[in-house]
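Trainee: Sequence and computational prediction follow.
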Amino acid sequence: MPSTSPPQTQTKKKRRERTRNLLPFWLILPTVLVLLAIQVYPAIYTIWLSLHERQPAGWEYVGVNNFTRLFNMGIFAESAGHTVVFLVGYTSLTLVLGFIIALLLNRKLKLSGLYVTLLFIPWIIADIIVGIVFRLLVVPDYGLLSGILQNPAIFPPNGISVLTAARPPSWVGGFPFPPAAAMVYLIMASAWRALPFITLLLLAAMQTVSTEVVESSRMDGANGWQVVRHIMIPLMLPTLVVALFSLTLGGMNGVGMVFSLTGGGPGSATEVLSYLLYVLGWSQLNFGRAAALALLIAVINWILILGTLRVTRVEERTH
Amino acid sequence: MKRLWTILTFVLLFSFVLSACAVPAAPAPGGEAAAPTGPRDFITWYQYDEKNEDPASDERVGNQYLRDTIPQFNEAFAGTWNWVNQPKAWDRMNAELVAAVQAGGDVPDLFEMGSSGLTELYKNGALQDLSEWAQAQPWYADMDPNALQACTGPDGGLYCIPIAERPHLVYVWNDRFPEGFPTTPEEYLAAGERLKADGLYAMTFFGSTDFNGNGATRAVFMTFSSFGGGYDDGAGNMLLNTPENVAAVEFLRTMVQSGYVPEIAFAGGFQEEEAFKDASAGSFPTGLFGYRYVNPLTAPNGTEYSKGNEEDMLDAIAAGDVILRPFVAPEGQTPGCNNEVTGFGIPVGAKTPEAAHDYINWIMTPVQNADWVLRPGAGFPALMTTRASEQFQTPFYQQAGEVVAASACRPWHGSLERRPEALRLIMGAVYRLIKEDPTADIAAVLQATQDEYNAGN
Amino acid sequence: MFGISRRQWNTWLVNLALVVICFFALIPVATTVLISFKGERDIIRKPPNFFPCDTPERAFDPAACRWSVEGYQRVLSPKPSEGGLLPFALTGNIVRIYIPNSFLYAISTALIVVFLAGMSGYAFSRYRFRGRSALLFAILAITGVPLLTNLLALYQMGVTIRRAQLPFYDDRLFLIAVYTGFFLPLSVWIAKGFFDAIPRELEEAAVIDGCSPFSALLRISMPLALPGLMAIFLLTFVNVWNEFIAGYLLIARNELKPAMFGLYEFLGQNIINLQVIAAACILIALPIVILFVFARRSFFAAMVEGAIKG
């Protein structure tokens, strides 16, 4: 449209400019309002809570008392140890298996679509249901796997009862390693659910590694492992880091699986920080101390989120 | 292809919009908008759900009780009150109540509560002091003073109305102990060895840390108190590291580590009951109320009690297959047990406390009182006249009465005030000592546990 | 040698490996289905038997299998009814109340999230304004606060609103708002990513042709972004359907419980009823699995976008 006619279009253009400047504001406003109400306000309230304790008459300001009491709880250090064991086991198992499956899928197969669909079903199932499903398998005496695991002939001397077997003695001064059978099982169940997602993520990254680079290095005599080690992993590094962070973030905060699979037991063998938060807040009604723990977890979460952002920024710049 | 996808998406989105608009219209808002005339709602929280007709539900006995009783109440108070029950999970009710009270939210007019949860509810400002009202009621003088004591808060107020007392005792398969159920720990261990040879177990008990350490109110406390120990020093401090308690833990540890207790005792939930149901475990120390849940039963001689409700255990007791006994105690000690009270609380902020008052008075009438105690209460009546009535002279209650008379029963918590925290700490320590780490130093772990609790005093 | 090259061998091996992996991936699902079709008699056996098909003579006799729908019967509790389409009505709480509730929550939340995330994602993608990246970052950072303690504040908020006795207000609306707040931040990032992928020249051309920016958004960008928005819709739907803890802690009345919470009713603690639990799990997970199988491409798109950007 040729714009030769004077003032009228001039004002129209200006008005358009103004709406154009205000448009993003109006577009974003509802989102910001919802988040202020549902996320920001409760977060501030959590900070307030962490400094108070409930007395019959009302809330009493106690300073950092909630934090010191939290740190003095025996179960706090223990849960932190469990969280570390869980996260290390969960992320490494998921990443290694995910990488292998992605490698297998990273070629032209007639049935790829079918495989991906089938492999993906675990991801779509709720964590609480996955916990129950895995629990059904190892219910002492009655679970299908218990029939095998508890058989002393197969697992001497007494068989393994996943949900009740005691923690083996610690190797390093109180640190919960080696973990209890229930912790191993919890890691397996969590990895089972997260695996499809990680596989897909890695597969997508793998497909961006150009086949020419791979082919030419093969021409140069590199074997399969060398290709993976020297070409694929370096090129996929940002995605691997993103996957690691996203697994850690999910593992740090997920409570459904522990809730329905082990309930933190046997003893406290699978009690992780997120579950401790649930227990402190909603079954011991100790909201102040729970809020203190929540803030600690939030700090860890923020570090992880920042890390993810950094890595993706770097990736965007290099591409 | 892309175009098809777009069209499909549109259709889908559109139908979603339609269905989203259609769904909320269907279930019209219920009771809240009720007209001001006619009977007013009387809202209760029970752990039972009268609408749940599943014959294999955990709470089948209580569910049926409410199904039977709600119409009776509504008839008795026709035109005045309309009883609306809101079912709550038993292990979440207190948390929900506290959250509701603190938020000024929808609280019931009355809820089912145990004396064990009293201090936590009190501390969170969730309970009304009922002493003034209760003292003016005719049934007050008829109450067992111990029951009233259990409902008394730290400030001396009465914070619950006791209806049933629930002592703990041992359910025993008679045939598993041909020489009679042991009375000393040594005999118990010997019986364990004998039963183990047949692939059986002497005892099953709530050994897991599940339900926030609720196991510490059950067999663990029975053992501690039978050995002469306990959980507190009488002045609000936790006291675990005593020679008596160490001996008690030593005994439990031997039972567990020698294989006299089935693995399922540690499985969580209430799965320890399974070992008693099929008689693979010869005895089961638990609450008197256990009879409501532990069914159906198969006796060692093959007799099946399979009605699947509270009558199974009562039948087995009447037939002599199951007997009730006090826990074992070392020479010179009286068997101990935990005794809690269950009854009603009225939360702060209840909309129609008058309805709750009418309801409590109604439950204090002889027929209703006995029915409540027999079914949801599952214990001894707190009203002495009800206790003397015919319904409580059955073989079950006679035996239970003898057991309680032969034991020294008291509330597990004693003077402890932060009870959920105490339970979790105690059960965690005991579990570690008897199951997880049989080499750990008992005195040291008990000391560390009491120190951690007392640091919060 | 036999006309099979090394490459073909490789393909066969890879296929074999993937079949084995798929098999293992589906074992827990398959056993749950298996358990759900057992009768109580076979559930409470010690030691357990994999298939309920043994006879005193043989360990496995296909003719003697005791398959049962007892678990489903207890979950659905069909009762004879007259006048309906079917000769019986399903009276189980799961199908009568909880699953319809979950549909309501999931669909409403997903629609709202798509709408809000679509708008703000577009704004973040197309405009450069002061505070843009700070806001984007804040939206992401806000997800770092653990849900569990937020729920206390949200609970109190819900109560306050309820006491105000607004017309039309209902606890369901509040739960939907909470879910919206939970799942919105990531969706904003995903939506921004999808809009980034649409060339902005198209809109600019439209604006030059006389469209207002807003109608350019509606007429050009939105249709192109629809697959992405659809992906957000599906992802949110699944997230809400699968969410447990918020519903568990915020919903007090039985009639408003979502399915995940309703599942809790079957986790019997005094009776070994694995078949009932299994049947309930399957009934609740089934709608989502079906949805996924039909719309998997959309899911994949949203997931990859969400993970890389968020």
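Mentor: Happy to help now that I have it.
Trainee: what helix or strand does the residue in chain C positioned nearest to chain B sit in?
Mentor: Closest to chain B within chain C is C:Val159: 3.5 Å, counting by C-beta to the nearest C-beta. C-beta here means a position set from N, CA and C on the backbone, and glycine is covered the same way. Element membership of C:Val159 [criterion: DSSP states H and E] is helix C:147-163.
Trainee: again, but for A:Trp59
Mentor: Secondary structure assignment for A:Trp59, by DSSP H and E: strand A:58-61.
Trainee: next one: phi and psi at the nearest residue to B:Gln271 once chain neighbours are set aside?
Mentor: Spatially, and ignoring its direct neighbours in sequence, B:Gln271 is nearest to B:Ile264 (5.2 Å; C-beta to C-beta, 6 or more residues apart in numbering or on different chains). Main-chain torsions, B:Ile264, degrees, to the nearest 10: phi -70, psi -20.
Trainee: neighbours around the residue in the stretch 101-250 of chain B that chain C sits nearest to, how many?
Mentor: Closest residue of the stretch 101-250 of chain B to chain C, C-beta to the nearest C-beta: B:Gly105 (3.5 Å). Number of residues near B:Gly105 (other C-beta atoms under 10 Å in any protein chain shown) recorded here: 19.
Trainee: got a list of what the closest residue to it other than its chain neighbours touches?
Mentor: Counting by C-beta to C-beta, 6+ apart, C:Val159 is the residue found nearest to B:Gly105 once chain neighbours are left out, at 3.5 Å. With contact taken as C-beta atoms under 8 Å, 6 or more residues apart in numbering or on different chains, C:Val159 is in contact with B:Ala100, B:Ala103, B:Gly104, B:Gly105, B:Asp106.
Trainee: for the third one, phi and psi?
Mentor: Geometry field for B:Gly104 lists phi and psi as phi 70, psi 30, criterion degrees, to the nearest 10.
Trainee: how much space between it and chain A?
Mentor: B:Gly104 is 12 Å from chain A, where distance means C-beta to the nearest C-beta, to the nearest Å.
Trainee: what's the answer for the last one, then?
Mentor: Taking C-beta to the nearest C-beta as the criterion, B:Asp106 is separated from chain A by 18 Å.
Trainee: where does that residue land in three-state SS?
Mentor: Secondary structure for B:Asp106, judged by DSSP: H, G, I helix; E, B strand; the rest coil, is coil.
Trainee: Residue 36: neighbouring residues, count only.
Mentor: In the absence of a named chain, this looks at chain A. Counted by other C-beta under 10 Å, the residues lying close to A:Leu36 total 13.
Trainee: The intended chain is chain C.
Mentor: 24.
Trainee: go on, A:Gly173?
Mentor: By other C-beta under 10 Å, neighbour count at A:Gly173 equals 5.
Trainee: Which strand or helix spans B:Asp41?
Mentor: Counting by DSSP H and E, B:Asp41 is part of strand B:40-46.
Trainee: Give me the helices and strands touching the helix or strand just after that strand, please.
Mentor: Later in the chain than strand B:40-46, the nearest helix or strand by DSSP H and E is helix B:60-76. Here helix B:60-76 touches strand B:81-87, helix B:353-363, helix B:366-372, going by 3 or more C-beta pairs under 8 Å, 6 or more residues apart in numbering or on different chains; DSSP states H and E.
Trainee: ok now stretch A:140-148, how far from the chain's centre?
Mentor: Between the centre of stretch A:140-148 and the centre of its chain there are 29 Å (C-alpha atoms, centre = their mean, to the nearest Å).
Trainee: tell me the average confidence for that stretch?
Mentor: Computed over stretch A:140-148, the mean pLDDT rounds to 85.
Trainee: same thing with stretch B:293-302?
Mentor: 91.
Trainee: same thing with stretch B:366-378?
Mentor: On average, stretch B:366-378 scores 91.
Trainee: Format the CA atom coordinates belonging to it as PDB.
Mentor: Listed in PDB are the C-alpha atoms of stretch B:366-378, where the atom choice follows Å, rounded to 0.1, in the frame of the first residue of the first chain:
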ATOM      1  CA  PRO B 366     -27.400 -46.900  76.200                       C
ATOM      2  CA  VAL B 367     -28.200 -48.500  72.800                       C
ATOM      3  CA  GLN B 368     -26.200 -46.000  70.700                       C
ATOM      4  CA  ASN B 369     -23.300 -46.000  73.200                       C
ATOM      5  CA  ALA B 370     -22.900 -49.700  73.100                       C
ATOM      6  CA  ASP B 371     -23.200 -49.900  69.300                       C
ATOM      7  CA  TRP B 372     -20.600 -47.200  68.800                       C
ATOM      8  CA  VAL B 373     -18.100 -48.900  71.200                       C
ATOM      9  CA  LEU B 374     -18.700 -52.300  69.700                       C
ATOM     10  CA  ARG B 375     -18.300 -51.200  66.000                       C
ATOM     11  CA  PRO B 376     -16.300 -48.100  65.200                       C
ATOM     12  CA  GLY B 377     -14.900 -47.700  68.800                       C
ATOM     13  CA  ALA B 378     -13.700 -51.300  69.100                       C
END
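Trainee: what about it, near chain C?
Mentor: No: if you take C-beta under 8 Å from any C-beta of the partner chain as the test, stretch B:366-378 misses chain C, and the best it gets is 12.9 Å.
Trainee: contacting residues around that stretch?
Mentor: B:46, B:48, B:61-62, B:64-66, B:69, B:72, B:112, B:163-164, B:166, B:287-289, B:291-292, B:310, B:342, B:362-363, B:379-381, B:383, B:385-386, B:389, B:391-392.
Trainee: How about stretch B:263-273?
Mentor: With C-beta under 8 Å, 6+ apart as the contact definition, stretch B:263-273 has outside contacts at A:139-141, A:150, A:161, A:163-164, A:262-263, A:265-266, B:204-210, B:262, B:274-275, B:281, B:284, B:290, B:293-294, B:431, B:435, C:267, C:269-270, C:272.
Trainee: let's see 6 Å
Mentor: A:140-141, A:161, A:163-164, A:263, A:265-266, B:204-208, B:210, B:274-275, B:294, B:435, C:269-270 (C-beta atoms under 6 Å, 6 or more residues apart in numbering or on different chains).
Trainee: which element is B:Ala279 on?
Mentor: Using DSSP H and E, no helix or strand contains B:Ala279.
Trainee: doesn't B:Asn174 make contact with it?
Mentor: No: B:Ala279 lies out of contact with B:Asn174 (C-beta atoms under 6 Å); the separation is 10.4 Å.
Trainee: Save the helices and strands packed on helix B:60-76 as CSV, and put in distance to B:Gln399 and mean neighbour count too.
Mentor: Below are the helices and strands packed on helix B:60-76 laid out as CSV (distance: least, C-beta to C-beta, whole Å; neighbours: other C-beta atoms under 10 Å in any protein chain shown):
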stretch, distance to B:Gln399, mean neighbour count
strand B:81-87, 32, 19
helix B:353-363, 26, 19
helix B:366-372, 18, 18
